[in-house]
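**Student:** Fold the following and give me the result.
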Amino acid sequence: MTYQTQTQFAGASFAARFSAFRAEIAQKLANRKVYTTTVNELQALSNRELADLGLGRSEIKRIALEAAYGN
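**Tutor:** Okay, here's the model as predicted:
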């Protein structure tokens, strides 16, 4: 018994797919940098400074996630 499988690409060349992959990785790295920078800067603040901003120490990761990823 013989089976035949056809694989078709959506028409995008390897160069275009590779370029899109690189752009996606670059965006993810940029988002991660925003996240880590935000966390580091907020953790450097004292409890009083955070309270002046209306934040608690437990909210730092949530704030950083929103800043980086828009969640």
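**Student:** what are the ranges of the strands in this protein?
**Tutor:** Counting by DSSP state E, the chain forms no strands at all.
**Student:** how far out from the middle of the chain is the longest helix anywhere in it?
**Tutor:** Once the chain is assigned using DSSP state H, the helix that runs over the most residues is helix 14-44. Distance of helix 14-44 from its chain centroid, counting by CA atoms, centre = their mean, to the nearest Å, is 5 Å.
**Student:** Next, the buried residues of that helix.
**Tutor:** 35, 38, 39, 42 (16 or more other CB atoms under 10 Å). Quick note: C-beta positions are derived from backbone N, CA and C, even for glycine.
**Student:** Touching, the first one and residue 70? I think so.
**Tutor:** Just to be clear, that refers to residue 35. No: between residue 35 and residue 70 there is no contact under CB atoms under 8 Å: 11.4 Å.
**Student:** what about residue 45, how many neighbours?
**Tutor:** Residues near residue 45, counting by other CB atoms under 10 Å, number 15.
**Student:** Excluding chain neighbours, give the residue nearest to it in space.
**Tutor:** Once flanking residues are discounted, residue 45 sits nearest to residue 53: 7.7 Å by CB to CB, 6 or more residues apart in numbering.
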